Every structure is written in structure tokens, then in C-alpha cells.
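Enquirer: Using only what follows, build the 3D model:
(2 chains)
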Amino acid sequence: MQRIENLIRILALEAVQSFWKTSMEEGAIQVQKTRRDFKGDFTVVVFPLLRHSRLSPELTGETMGQFINEKSELISDYNVVKGFLNLVVDQKYWKQLLELELSSESYGKTDVVASAPKVMIEYSSPNTNKPLHLGHIRNNLLGHSVSQILEASGKQVQKVNLVNDRGIHICKSMLSWLKEGEGETPGSSGLKGDHLVGKYYVRYDKIYKAQVETAIKEGKAKTEAEAEAPILAEAREMLLKWEAEDPEVRTLWEMMNGWVYEGFKKTYERLGISFHKTYYESETYKLGKEIILKGLNEGVLYQKEDGSVWANLEDEGLDQKLLLRSDGTSVYMTQDVGTAHQRYEESEFDSHIYVVGNEQNYHFQVLSIVLKKLGYSWSDRLYHLSYGMVELPEGKMKSREGTVVDADDLMDEMESTARQMSDELGKLGEFEEEEKSRIFRQVGMGALKYFILKVDPKKNMTFDPKESVDFNGNTGPFIQYTYARIRSVLRKGVDVPKAVGSQEMNDKEVALVRLMYDYPEVINEAARALNPSLVANFLFDLAKEFNQFYHDHSILNAEEQEVVSLRLLLVDAISRIIESGMNLLGIEVPERM
RNA sequence: GGUUCCGUAGCUCAGUUGGACAGAGCAACAGCCUUCUAAGCUGUGGGUCGCGCGUUCGAAUCGCGCCGGAAUCACCA
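Expert: Here you go, the predicted model:
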């Protein structure tokens, strides 16, 4: 169906043309939604037109309003307030929309066709030396949600993960496990694999600190003591052995990484996220080297006396950047150059999104520039979706102070809170335990996901545990509850036909249709801005509006049968959009709660 | 110090190409369940949109300058 704003814009241009004999560009006509306190659906701002009309704002608006009103049967009324021309859309448009489009399964989404732009999105990218925490949760949820949104806006989306499975940090966990682990495995201890490995990473740090302290007591300077700690030397040695593919080290490495992957797999399943492809740094870390050396040969890069290779980024207002160490080994940047190259070769993406925290803004800025210097035409197709830190009310999470919020613990807590809330409210008493735990999982996870996704990604956010378990107000459970209410009504009204009749819709009904009219634009805007919070806030507005309607008007017990039919059609459409929108956020909706 | 981002109600956040008296939720207070799920709904109070200048018919929104906060500027990843 035709979008009303476009119609208005066209008619407004015609009016300008015929009354004032000038033409304007289409973009010059400002059409926006009418504010709640005024009568009307869409508003044309007439101020920009005054220099053409040479009339007062009121007269200009009046002239144009009359013209549009007469020209289109879809505009049934208008009024002018100050410099604003408010247009009322005829109910038959809203009814048609409800009947023809809102009832469709895929309303708001764009089909993905073979010629659609290809987007590759990398997210999660965990280290294998510790379990996931709250910060990773934001990453994972954002990555998943943005993928869903991009797909809904018609893009071909390829989700990839890059596991950081090598490096000195892994060796640290391995080392302390060898020293103190006494053969402990996930099987023997019952610990989740990633937690087990994380435990030994912490152990390493304790040993290291103790050694540093001892050295300081013996009179060494702090920096010296830190650099010379025996266990650090051992870790370095282990890394060298790893790079040399020492079988013993490799076997241990594979075993412990295996534990971690088992653990991650569970966490990913619980979060409901997945990838088309997982890359491992151990397999890709050498990739960039060749490209860098080629760049050196071509004179794009330069070498220092000690053999290290650098890029000079001073033309771009930046500094020098190291790309290969003097010993010839790769750094982070080297391998990102390599993986970007590899991925482009594999898929010829139209854009590549990296979901990575804002502490790496500089890194990605440099990555694009380096790729450009190396002559890759697609270097400007990389986009860093940079999201803010998650902080606690007390401040930053610090592992040293034990304030890191563990992902698994947090999910447990959210689910048990859902259970507790439900029991207190006396809901779901008669259900089987299996059914109940499924719902509590949905609600608990819904609360967590919504809490994080409703905030603009680029902003730092505060995670207040108290607030996050509040299931009232602007929360996931509020929206899920709205869905469950509608489903409950629909179950009871199965025999009534869903249809629009000839009767007038009341203000609330129109308001609901008008809100749903926005859904396609919300998806597209969220995809453009890579911002799930737009979807989240839209759903909240819709749920809020529905709950008001629900409170004031009975659906099944409306006086006339026609009204019942219309309202059933209406609320059915609402439930479907809630389900669809929540799905874009990676949140499930329960039939009952 | 350079670069990037942020600063809106007591708290957490909306406010998308500049538009009509700045909006929610939480918290506080006062109400609404014999009627489709009260995880809901209604009402009250609460703001110099960090500060200043500028552009404009019009600025929370754009520009400049301050102030405050975060991140980053490694032969770490």
C-alpha cells in the first residue's frame, strides 16, 4: 500500500506548483507524525514554504490543507495551528492497512533476494581463558539482534565468530593447571569447562602476584619484579613451544580449549545465539604476515633497523603502527588484516560489521586505513559497531575486586527471579513443572535481553541488578505479558471471525493501527543505524498503547459483533508484531505467564 | 596533551534528516480487580535538556568555546 507521507509530499508539491508557481525538491516538504495533543495523523510544517507563498503561516497552511483535502480521498480533514498543517487520514485507509497488511505474517520485513547486499557480521569473539561475563552478554545480544534486524531489512547476513584461542593468556591457564590442577577436569569436578579454565587463570595471577611481592621484598623494583617473575618466563616459554607445535603443549592446549568450547556452547545455546561460521585465531594468525610483507615490498610500509614492520599513518593524523614484531611474529592488527582479506575472498561482502567494544575504536580506525594503504578497494566497507561499557552502580566491573558479573550466574538469577515473581503473583499454579521452567526461562532471559538492548548501543550503560529484576514498566516481561494477554483473548475468541466491518474505529483503535503503520520504518531505521533499541522502544510504546486500550475496552464482550471481529483482527495483528519485534531482539514470547 | 564518544527529572533511559508547551519507566504519594491475565490501568509531584556564545522564523537536536565523565594513543589482545 502507498505510504501516506509520500502521498502528502506529492500533493504538497503540486499545491506549491499550482498556487505559487515555483517548484521545490521533494525533500523540502517536511512531513511528520502529528503530536498527540493535536487532532490529526500527519503534519506538514509550513514555515519553509512561506518564502514561496508570501502569505502568513495560517493562510499558507489553510490553502494547502484545502487543496490536499480535496485532491485525495484518503485525507478526510485538516486543521492549521500556527505554522503546522495537520492532516487527518481517513479511516478507510487504516482499515485497509489492517485488513491487507498488518495481518500478514511478514509485515514490516523485506524479503531477502539473491541480489541483496551481503553483510558479514563478526561478534562474540571470546577468549578461551575465562568464562563470559556481562560485557560479553551485551556483545552477543547486540550481534545477534543486529543480525536479525539486518536480515529483516532484506540483507544477506553471514554471522561469524572469531575465537581468540592462542596467546600468552591461554598459556597462563595451562601452566597453573599443570602446577596445581591435580588432573581436575569438568567431569571430575562438575565445573562448567569455561569456568574451570577461568579458575586456573585466576590461580596463575595469584602465583604471579606472590612472586612479584617476594621479589619486591628482596629489594627489586616493581617493574623489574613484574618483568622477571619466574612464572611469566615459564608462560612465555610455553607460548614458544606452542608456536613450535610442541606435541605435549598442543595436546594440553586442545584438551583445555575443548573444555572451554563445551562451556561456551552451553552459554550460547542458553542465550539463543549462533553463527554461520567460527574462525579460530590459531588457524588464521599467520595469514596477515604475507600481506604485510607484500606491502613492505611495494613500499607502502616500512621497516625499522631491528626488522620490525610499520605503517606510517601520519597523513591521516595518526601515529606509526606496528604490524610485525622484530622477531617476525604477528600482532593483533596483522591477523585482522589477514582475516579481513580472507573473508572478502570468501564472500565479497558489501559490508563487514565488527561488533566490538568502544575501547577498540582506535584499532578499527587504524585497520581501515592500513587496508586502504595496502590497496584494498573494499577497505571502506568495514564498519565498527562500537558499543559502550557495561558498568555497575558502584562503577566498573573489576575482576580483582570480584565485581565481575558472570554470564551464567546472571542468567540463573534472572530465571529464578522470574519464578519467584510468578509464585508471588500466584500465576501458573496448575502447570506442569516442565512447562513452568520453560516460561521462567523465557521471561528471565527476556528481562535480561530487553534490559540490555533497550539502551542505545553506543552509550555506556549502568547495569543495576535490582532494576534488572524488576519486571514492571519498560521491561521485557511487560511486553511478553502484553503478548500473553492477547493470546489468552484469542484462545477464547477462536469462533469469532476476524474482519473489518463498516463501523467507525474509536481513537484508541486508530492509534494502535497508526503505531503499527510505523513498524516497517522502525526496522529499516534500526538496520541503518545498527540499533536494536529502536525496535525495543517501539515495542514498548505499542504494548503500552495496547494495555490502555485493553483496560478501557472489552474485546470479546463488545456490544456489537462487528466490533468484536474488528478488535480481534486488531489485537491479533498487535500480537504478531510483538512476536516479530521481540524475535528481532532475540526474545521469545510465552503464550501464558 | 591528541583522537573518539557521552552529559536530558532523585535513578535508568527515549526524544533519527532542526519544528508546536521536553517524554517514558523506576522510586514517592493517592486510587482502580463479582467483567477477556492487576507482570496491568489512572492520577499527583518532579527539568535553566552540563555552561556560554553563534546560525535560524524556530535549537535538547547544528557550529564554536569552556566544564564534567568514559575509552584510547603498547614489539597486549
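Enquirer: of all of the stretch 401-550 of chain A, which residue lies closest to RNA strand B?
Expert: A:Gly473 (2.2 Å; CB to the nearest atom of the strand). (Glycine included, C-beta is placed from N, CA and C.)
Enquirer: Tell me which helix or strand A:Tyr204 sits in.
Expert: For A:Tyr204, the element it lies in under DSSP states H and E is helix A:193-217.
Enquirer: what does A:Leu50 give?
Expert: With DSSP H and E as the test, A:Leu50 turns up in helix A:50-53.
Enquirer: Can you list the helices and strands that the helix or strand following that helix packs against?
Expert: With elements assigned by DSSP H and E, the helix or strand that comes after helix A:50-53 is helix A:57-71. In terms of contacts (3 or more CB pairs under 8 Å, 6 or more residues apart in numbering; DSSP states H and E), helix A:57-71 is packed against helix A:4-20, helix A:50-53, strand A:75-81, strand A:84-89.
Enquirer: Of all the ones you listed, which one is nearest A:Glu243?
Expert: With distances scored as CB to CB, the stretch of these nearest to A:Glu243 is helix A:4-20 (60.1 Å).
Enquirer: on that earlier part again, comparing the helices and strands packed on helix A:57-71 by mean pLDDT, which bottoms out?
Expert: Across the helices and strands packed on helix A:57-71, helix A:50-53 has the smallest mean pLDDT, namely a mean of 87.
Enquirer: buried set for that helix?
Expert: A:His52, A:Ser53 (16 or more other CB atoms under 10 Å).
Enquirer: Does that helix reach RNA strand B?
Expert: No: using CB under 7 Å from any atom of the strand, helix A:50-53 stays clear of RNA strand B, with a minimum separation of 7.7 Å.
Enquirer: Can you tell me what sits against that helix?
Expert: Contacts to helix A:50-53, defined as CB atoms under 8 Å, 6 or more residues apart in numbering, come from residues A:Val16, A:Phe19, A:Trp20, A:Thr22, A:Met24, A:Pro57, A:Leu59, A:Thr60, A:Thr63, A:Gly83.
Enquirer: Go again with 7 Å.
Expert: For helix A:50-53, the external contacting residues (CB atoms under 7 Å, 6 or more residues apart in numbering) are A:Val16, A:Phe19, A:Trp20, A:Thr22, A:Pro57, A:Thr60.
Enquirer: I'd like to know how many residues surround the closest residue to RNA strand B within the stretch 51-200 of chain A.
Expert: Going by CB to the nearest atom of the strand, RNA strand B is nearest to A:Phe84 of the stretch 51-200 of chain A, at 3.5 Å. Neighbourhood size, A:Phe84 [other CB atoms under 10 Å]: 20.
Enquirer: How about the one 5 residues further on?
Expert: By other CB under 10 Å, 24 other residues sit near A:Val89.
Enquirer: one step back: alpha carbons of the helix holding A:Leu50, as PDB, please.
Expert: The C-alpha trace of helix A:50-53 is given here as PDB (Å, rounded to 0.1, in the frame of the first residue of the first chain):
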ATOM      1  CA  LEU A  50       6.500  30.900   3.400                       C
ATOM      2  CA  ARG A  51       9.100  32.400   1.200                       C
ATOM      3  CA  HIS A  52       7.300  30.800  -1.800                       C
ATOM      4  CA  SER A  53       3.700  31.600  -0.700                       C
END
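Enquirer: gap between that helix and the chain center?
Expert: Distance of helix A:50-53 from its chain centroid, counting by CA atoms, centre = their mean, to the nearest Å, is 44 Å.
Enquirer: same check, this time on stretch A:243-260
Expert: On CA atoms, centre = their mean, the centre of stretch A:243-260 falls 34 Å from that of its chain.
Enquirer: again, but for stretch A:347-357
Expert: 14 Å.
Enquirer: Whichever strand or helix holds A:Met333 packs against which elements?
Expert: Secondary structure from DSSP H and E places A:Met333 in helix A:332-347. Applying 3 or more CB pairs under 7 Å, 6 or more residues apart in numbering; DSSP states H and E, we find helix A:332-347 packed against strand A:118-122, helix A:281-284, helix A:287-297, strand A:320-324, helix A:361-373.
Enquirer: The helix or strand just after that helix vs helix A:361-373, what angle?
Expert: The helix or strand immediately downstream of helix A:332-347 is strand A:351-357, counting by DSSP H and E. Counting by axes from the mean of the first three to the mean of the last three CA atoms, to 10 degrees, strand A:351-357 lies at 150 degrees to helix A:361-373.
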